[in-house]
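Novice: model the following, please.
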Amino acid sequence: MKKAIVLSLLFILPLTYYAQKIEENKIDPVTHLLEQRTTWERFTQGGEFNSYFRVCQYDSAFFLQLRIINADKKPFDIKAGQPLVLTMSDGGTVTLTCFKTTTSCQGCGAVTIAGSQVPGVEAEYALNKEQLEKLRFNVLLTKEQYEKHKKKTIEHIKIDTSTNPIEHDLSEFSYLQIRKAIRLIKK
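Specialist: Below is the predicted model of the structure:
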């Protein structure tokens, strides 16, 4: 019986463990610029939409990429310049701007085979240094600064689209995943 439990745990734990890591870390052979990307990680689940995110760096520019599968199966666009608003627990906001216009298509928001038959979209949002620091956990903080900062989390996300805005409350896990991805990129 104990052997069966241990074997079950060995098969189940890898499926439930989220391991954010660098997926690509290279110098582009043509432009000679640094390119880094983290792996796709779950951002939201349930509600109006499911989404995945990753953080990318191209030389000194940073981007938050989102893959969104909308529960409303109607086509939609996210146009260049439309905002993504992250509301923080202290009442502050971080507003990111969509980098380029993108239109939903079947399977575009999928990371796994599960969402490959549903309309979705992949959007890219520019992150400036100030926004990056608001979302990132700084390991050089004093104990008092750390205690104050660790209580600040992202509580809500709102994405403007061509049809209706998409909104969702975020779990603390989602925020920790973003922190982890930014720390990996900004070593």
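Novice: give me the most central residue, the protein.
Specialist: Most central in the chain under Cα atoms, centre = their mean is residue 53, positioned 2.8 Å from the mean C-alpha point.
Novice: then it would be within a strand, right?
Specialist: Yes - remark: residue 53 belongs to a strand, assigned using DSSP: H, G, I helix; E, B strand; the rest coil.
Novice: excluding chain neighbours, what is closest to it?
Specialist: Distance criterion Cβ to Cβ, 6 or more residues apart in numbering; nearest residue to residue 53, sequence neighbours excluded, is residue 43 at 4.3 Å. Where C-beta positions appear, they are placed from N, C-alpha and C, glycine not excepted.
Novice: from the chain's centroid, how far away is the helix or strand containing residue 96?
Specialist: Applying DSSP states H and E as the criterion places residue 96 in strand 93-98. Distance of strand 93-98 from the chain centroid (Cα atoms, centre = their mean, to the nearest Å) equals 13 Å.
Novice: what mean pLDDT does that strand have?
Specialist: For strand 93-98, mean pLDDT is 92.
Novice: please renumber the chain so that the first residue is 68 from this point on.
Specialist: Understood, numbering begins at 68; the last thing we discussed is strand 160-165.
Novice: contacts for that strand, please.
Specialist: Contacts with strand 160-165, where a contact means Cβ atoms under 8 Å, 6 or more residues apart in numbering, come from 131, 145-155, 190-194, 198, 201-202, 221.
Novice: check which residues of stretch 128-145 are buried.
Specialist: For stretch 128-145, burial by neighbour count (16 or more other Cβ atoms under 10 Å) applies to 129-137, 143-145.
Novice: so which of those residues belong to strands?
Specialist: Of the buried residues of stretch 128-145, the ones assigned to strands by DSSP state E are 129-137, 144-145.
Novice: avg pLDDT for stretch 148-155?
Specialist: Mean pLDDT, computed over stretch 148-155, is 91.
Novice: hey, C-alpha coordinates of that stretch in PDB?
Specialist: Provided in PDB are the C-alpha atoms of stretch 148-155 (Å, rounded to 0.1, in the frame of the first residue of the first chain):
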ATOM      1  CA  GLY A 148      -2.000  51.000 -27.900                       C
ATOM      2  CA  GLN A 149      -4.800  49.400 -25.900                       C
ATOM      3  CA  PRO A 150      -4.000  49.000 -22.200                       C
ATOM      4  CA  LEU A 151      -3.800  46.100 -19.900                       C
ATOM      5  CA  VAL A 152      -4.300  47.400 -16.300                       C
ATOM      6  CA  LEU A 153      -3.000  45.500 -13.300                       C
ATOM      7  CA  THR A 154      -4.600  46.700 -10.100                       C
ATOM      8  CA  MET A 155      -2.400  46.300  -7.000                       C
END
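Novice: right, I'll call it a day here.
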